[in-house]
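In: take this sequence and fold it.
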Amino acid sequence: MPTKQETKPWQSLAAGTFAGAVEAFVTYPTEFVKTRSQFDGNKEGPIAIVRNTWNQYGVKGFYSGCTALVVGNAAKAGVRFVSYDRFKRALADGDGKVSAPRSLVAGLGAGMMEAVFAVTPSETIKTKLIDDSKLPQPRFRGLIHGTGIIVREEGIRGIYRGLFPVMMRQGANSAVRFTTYSTLKQFVQSNMHLREGVPLPGSITFGVGAVAGLVTVYTTMPLDVIKTRMQSLKARTQYKNSFDCAYQTFINDGLLSFWRGATPRLARLMLSGGIVFTVYEKVIVMLGGKEVA
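Out: Reported below is the predicted structural model:
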């Protein structure tokens, strides 16, 4: 039985960090395929990317850039849950309840925080590592070596490229995901007539998180495509800024290109939503904290 005491920041941080690392490693192959499919000029579909990567590199090919994302995702999830918990507590009413609109604001704030402190650097490095891996003679030998080259050639700006679309995407991601998750969870709890403080079964938590991931994908996909292109190896010379990237993408590739990579991203976020909320809920209860409400 979980305690009803308030969740401490260190509990949110520890549970969120662990959940983020687990989720990133398990779902990384889908992230790899999604990112490869979004690069400018790429004509391969997800199946072709999987087949070609497997034939050339085997299983390890699907984990190119994985370390950057695992580290970044762990930090991101920690920042996300701590921030969301803080924002939610500040926006709660007198009874401690948080309405859907306020949950949306809390999620948006959490997303902005994670974009600045965790997501942009890790996503930029991950994207460049994946882009580099498809070259005949890759330059980057790994996370540390690749990061060193990026900083040496582009400065700190190099690992913060695409900050604006990342902030917009993460803000929208967290706002949509947390609002959907909280709303569905409260609906399920009320229909199951559970007593306050009694956690949902793990399978139901996974299902609710997966649905939250599904809704998140299609509402934020255009921002994800712009983010990937802004963080590619040739973005520095090809795009003036995020708006120019969006314009060129629309003119050259059409409206539907903003949803390129939706299938692998959908696979990842449905798994991600299920994994991260399930692991977080279990760990937070083990640490004596309180479930996400």
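
In: where does the prediction get shaky in this protein?
Out: When the per-residue scores of the chain are filtered using pLDDT under 70, the ranges that remain are 1-6, 194-198, 273, 289-293.

In: can you tell me which residues contact Tyr160?
Out: Residues in contact with Tyr160 (C-beta atoms under 8 Å, 6 or more residues apart in numbering) are 120-121, 124. No exception for glycine: its C-beta is placed from N, CA and C like everyone else's.

In: which one of these has the most neighbours?
Out: Comparing those by number of neighbours (other C-beta atoms under 10 Å), Thr124 comes first, having 28 neighbours.

In: the nearest residue to that one once chain neighbours are set aside and Phe39, how far apart?
Out: Residue nearest to Thr124 in three dimensions, not counting chain neighbours: Gln231, with 4.6 Å by C-beta to C-beta, 6 or more residues apart in numbering. Computed with C-beta to C-beta, to the nearest Å, the distance linking Gln231 and Phe39 is 10 Å.

In: give me the more crowded residue out of the two.
Out: Relative neighbour count places Gln231 above the other of Gln231 and Phe39, with 26 against 20, counting by other C-beta under 10 Å.

In: correct me if wrong: that one contacts Leu129.
Out: No: using C-beta atoms under 8 Å, Gln231 makes no contact with Leu129, being 10.5 Å away.

In: so Met113 makes contact with Ser83?
Out: Yes: with the criterion set as C-beta under 8 Å, Met113 and Ser83 qualify as a contacting pair; they are 4.3 Å apart.

In: give the contact list for Arg86.
Out: Pro9.

In: swap the cut-off to 7 Å and go again
Out: Applying C-beta atoms under 7 Å, 6 or more residues apart in numbering, one finds that Arg86 lies in contact with no residue.

In: host element of it?
Out: If you go by DSSP states H and E, Arg86 is part of helix 66-91.

In: next structured bit after that helix?
Out: helix 100-114.
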